[in-house]
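>>> Any chance you can model this:
(one chain, ligands or ions: 1)
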Amino acid sequence: MKAVAIVPAAGRGERLGPGTPKALRALAGVPMLLRAVHALAESPAVEFVIVAAPAESVSTVRSLLLEEQLGASLSVIAGGATRQESVRLGLAALPPEAEIVLVHDAARPLVPVELVDAVVAAVRAGADAVVPALQVTDTIKAVGPAEVVAQTLDRSALRSVQTPQGFRRSVLEDAYAKAADGAQDSTDDAGLVERLGMSVQVIPGHEEAFKVTRPLDLLLADALVARRRAESGRA
Ligand code: C5P
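The predicted structure is shown next:
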């Protein structure tokens, strides 16, 4: 079963501070998006990568990626106003032979290839939808009006969900078709599948698949790249 990865990369990354779109910001000299695409293309299961870039950066992103030696075919399209819209546009660009679809945030540039492989393997083993996730370490509270705590959630049942998320193609297409009115915005793709009443399989996530959102995350990512370089002489 062939896997195609959609990479939503059209966000502005405002929480990271002003500047170029987040996906194009460099981590130790290499744009985050490039690192994310390499991690996906390194997986033998991934044959095609579709990048949803900021509309004004499509040609920049295309020339950046075309210079790379990738183990997968590539298509760069213009993303949309929300993450969900960017993924929807990616789905519309799927090649006909795609049977498994991964969706991976450009903002998780250091995802280990083993995690990509594990997500694909779980879909191949029969899951309709798969998310990698970690236990949460903080106590999570729901907060009501005026920042008053409404509820303390049971931490043992909580997971922090990452990408890549993996799907049988028809399942993700159905989920997006049902959410077509745009009224139902979801911060992840599995959330739309859950709304269909279908089950979503959780597999162990990986700490290095963390999302680069705030300036401190950039420090962590730089340190991780430096450690990988020291360990392997590459990255
Ligand atoms: O904003 P957030 O960190 O949740 O974004 C997750 C991913 O979605 C990022 O890789 C970002 O580039 C992407 N995104 C997108 N189109 C948007 C907004 C976010 O592709 N309009």
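
>>> How about the longest helix seen in the chain and the ligand, any contact?
Scanning the chain for the helix with the most residues, using DSSP state H, yields helix 215-232. No. Helix 215-232 is not in contact with the ligand by CB under 6 Å from any ligand atom; minimum separation 10.3 Å. C-beta here means a position set from N, CA and C on the backbone, and glycine is covered the same way.

>>> and this protein, which of its residues are near the ligand?
Residues of the chain found near the ligand (CB under 6 Å from any ligand atom) are 8-11, 22-23, 52, 79-83, 86, 105-107, 187, 213.

>>> Asp128 and Gly90: what is the separation?
For Asp128, the distance to Gly90 equals 19 Å [CB to CB, to the nearest Å].

>>> the more surrounded of these two?
Gly90 (27 against 19; other CB atoms under 10 Å).

>>> so the more buried one is in which element?
Per DSSP states H and E: Gly90 is located in helix 83-92.

>>> Over to Pro132?
Using DSSP H and E, the element containing Pro132 is strand 129-135.

>>> what pairs with that strand, and is each one parallel or antiparallel?
Looking at strand 129-135 with DSSP bridges, its partner strands are strand 159-161 (antiparallel), strand 165-168 (antiparallel), strand 201-204 (parallel).

>>> tell me how far that strand is from the chain's mean position?
Relative to the mean C-alpha coordinate of its chain, strand 129-135 is positioned 12 Å out (CA atoms, centre = their mean, to the nearest Å).

>>> Report the rounded mean pLDDT for it.
Mean per-residue pLDDT for strand 129-135: 98.

>>> quick one: the closest residue in space to Val111 that isn't next to it in sequence from the ligand, how far?
Excluding the flanking residues, the one nearest Val111 by CB to CB, 6 or more residues apart in numbering is Ala209, at 4.2 Å. Relative to the ligand, Ala209 is positioned 13 Å away (CB to the nearest ligand atom, to the nearest Å).

>>> that older thread, which of the residues in the longest helix of the chain are classified as buried?
Asp217, Leu218, Ala221, Leu224, Val225, Arg228 (16 or more other CB atoms under 10 Å).

>>> Check the last one and give its pLDDT.
Note for Arg228: predicted pLDDT of 94.

>>> now swap in Ser186 and tell me
We have a pLDDT of 86 for Ser186.

>>> OK, contacts around it?
Contact partners of Ser186, counting by CB atoms under 8 Å, 6 or more residues apart in numbering, are Gln84, Ala179, Leu192, Arg195.

>>> could you redo the last one with a cut-off of 6 Å?
Ser186 sits next to Leu192 when contact means CB atoms under 6 Å, 6 or more residues apart in numbering.

>>> so how far is the ligand from it?
Counting by CB to the nearest ligand atom - Ser186 and the ligand are separated by 11 Å.

>>> could you say which helix or strand contains Leu33?
Using DSSP H and E, the element containing Leu33 is helix 32-41.
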